[in-house]
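> Please work out how this folds:
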Amino acid sequence: MKINTLFLISMALLICGLSSCKTSSVNLFKAASPHEQYQRKLVSAGLDKTALGVSWINSADINLQKALTITIPYKESGYFAADKTPVATYQFSATKGQKLTINLTKKPLNSAMVYLDVYHLPTGNNAKLLASADTLNNPILLDIEDTGNYLIRLQPELLQSLSYTLEITSGPSLAFPTRSKSSKSIGSYWGDGRDQNARKHEGVDIFGPFRSPVLAIADGTITRVNENNLGGKVVWLRPKGKNYTLYYAHLDEQIATEGEEVKLGDTLGLMGNTGNAKNTPTHLHFGIYEYNGATNPLPFIDPITKTPQNVIAPVANLNKTLRTSSTVKLAQSPEKKSTILRSLNAGTVVQITAATGNYYKAELPDGSIGYIPSGELVETNKPIRKFKISLSQEKAFDKPDSLAAIKLNLKVGQTVNQLGSFGNFQLISDENMRIGWVVK
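The predicted model follows:
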């Protein structure tokens, strides 16, 4: 997109006048997200009729369909350039019962807002907006209510450059039901065979000392205190605001009473081996039941918080133009076994938009985006070769496209440096370090 300096300045002044698009607090679960509020202000100002405004609005929609695949936990450092309308989108899977912490920071702190939106992607239905924020250093804490696919979109305001770091960690949405607070005390898991595999285990067994406390792992209401053949002495707890019930079984003693309102950490009973556990070591059978039956409780209580690896790829290359050092694969995700989007020849020019682990997120001149190992890219400041301009190469374009704007007029026989290539074009620099694309 080509925008003259005067237009950029006037647009920047207009946008600054518009916003206070910078909201004063994180807005979660509101009808109009911060992103939507900003878009409405663009439309109200008539900027949806300009090329820049149209590009910003269209990018938000188009890039929902171009999401790259990541695995949680995840950490990325990236750069949004003021002369573009960038959007970053990521698709990932999450398991019911997990709690995600999504944190986005930016530099400079007083730069443009970056709008962060989290969507659920149910099969066959439209994406459902779950949570939004506008980078005021307040993380999104998201309980995963359905196992499936999710999407995150990052989009900055217009006309300001900034760097950012996105970090996503995962952990349990509930506390641990015994004082051990350790997954090592879990000795039997969901789905394990019972009664010679005649039935499957509908919970987890947490082992501990006889008559040690079992705890409320959320604020809620005790819905039932009773005995049955399998569970022996049991307590049922309905967490506040949730559509499931927690089941504590094999207790030696029940302390909570039916109808009681309890707080996180309250003692509900004492661990034992009543019911069909009378011939087993002391343990708590812990389960979670919904309207349609039992669900795996482990993601809800597993106390291990998964944190991402640090960014290893040099962030000094963010927003730089690099080229491939050999034939490489552009991948859908930053993993060795990722889906390959396309193969890139040696010397292919890419723009670095972000870094995660030892990978770069790279954008090709045609707008395609994917991941490349950072060690397979080199800077373009050292030319591949020198060559003389032919008659068909007198015009150098600002993109590798013969219909693009002409950036340089070269002379036949003039010596230039080849910095890289893409498709049927070569990226060159002349003796004055001016850069453009010429036909091969």
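> so who does Gly370 touch?
68, 330-332, 341-342, 361-362 (CB atoms under 8 Å, 6 or more residues apart in numbering). For the C-beta atoms, the positions are set from N, CA and C on the backbone; glycine is no exception.
> what does Leu104 give?
Leu104 touches 114, 116, 133, 135, 139, 154, 164-167, counting by CB under 8 Å, 6+ apart.
> Now the residues you listed in a markdown table, please, with extra columns for pLDDT and neighbour count.
As requested, the contacts of Leu104 are exported to a markdown table (pLDDT from 0 to 100; neighbours: other CB atoms under 10 Å):
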| residue | pLDDT | neighbour count |
| --- | --- | --- |
| Val114 | 92 | 24 |
| Leu116 | 95 | 26 |
| Ala133 | 86 | 26 |
| Thr135 | 65 | 23 |
| Pro139 | 90 | 17 |
| Leu154 | 95 | 24 |
| Tyr164 | 95 | 22 |
| Thr165 | 96 | 17 |
| Leu166 | 96 | 24 |
| Glu167 | 97 | 18 |
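> List just the nearest of those residues to Gly148.
The closest of the contacts of Leu104 to Gly148 turns out to be Leu116 (CB to CB; 19.8 Å).
> Put the buried members of the contacts of Gly370 into a ChimeraX selection.
Of the contacts of Gly370, the buried ones can be selected in ChimeraX as follows, counting by 16 or more other CB atoms under 10 Å:
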select :68,330,331,332,341,361,362
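> element containing Gly370?
Element membership of Gly370 [criterion: DSSP states H and E] is strand 369-373.
> circling back: tell me the two of the contacts of Gly370 that are most distant?
Arg342 and Lys361 (14.8 Å).
> Tell me the bridge partners for Pro213.
Leu270 (DSSP bridges).
> Pull the contacting residues for it.
178-179, 267, 269-271.
> buried subset of the residues you listed?
178, 269-271.
> of all the residues you listed, which comes closest to Pro281?
Nearest to Pro281 among those, with distances taken as CB to CB, is Met271, at 10.3 Å.
> Show the subsequent helix or strand relative to the lowest-mean-pLDDT helix or strand in the chain.
Every helix and strand of the chain was ranked by mean pLDDT, DSSP states H and E. The lowest is helix 5-18, at a mean of 43. Going down the chain from helix 5-18, the next helix or strand is helix 34-44, by DSSP H and E.
> Surely Thr89 is in contact with Ile70?
No. If you go by CB atoms under 8 Å, Thr89 and Ile70 don't touch, sitting 10.1 Å apart.
> What segments of the stretch 151-300 of the chain are strands?
Secondary structure of the stretch 151-300 of the chain (DSSP state E, counting those that start in this stretch): strands located at 162-172, 186-188, 193-194, 199-200, 204-207, 213-215, 220-228, 232-239, 245-254, 261-262, 267-271, 283-290, 293-295.
> ok so, going back, after the strand holding Gly370 comes which helix or strand?
Next element after strand 369-373 (DSSP H and E): strand 377-379.
> Would you confirm that Phe207 contacts Ser182?
No. The pair Phe207 / Ser182 is not scored as a contact, 10.5 Å apart, by CB under 8 Å.
> Look at these two and report which has more neighbours.
Taking other CB atoms under 10 Å, Phe207 and Ser182 do not tie; Phe207 has more neighbours (18 against 13).
> Not counting sequence-adjacent ones, nearest residue to that one?
His283 (4.4 Å; CB to CB, 6 or more residues apart in numbering).
> do Lys320 as well
Using CB to CB, 6+ apart, the closest residue to Lys320 is Ile352 (5.4 Å).
> and what of Leu268?
Distance criterion CB to CB, 6+ apart; nearest residue to Leu268, sequence neighbours excluded, is Ala256 at 4.3 Å.
> pretty sure that neighbour is touching Leu270, no?
No. Taking contacts as CB under 8 Å, Ala256 lies outside contact range of Leu270: 11.1 Å.
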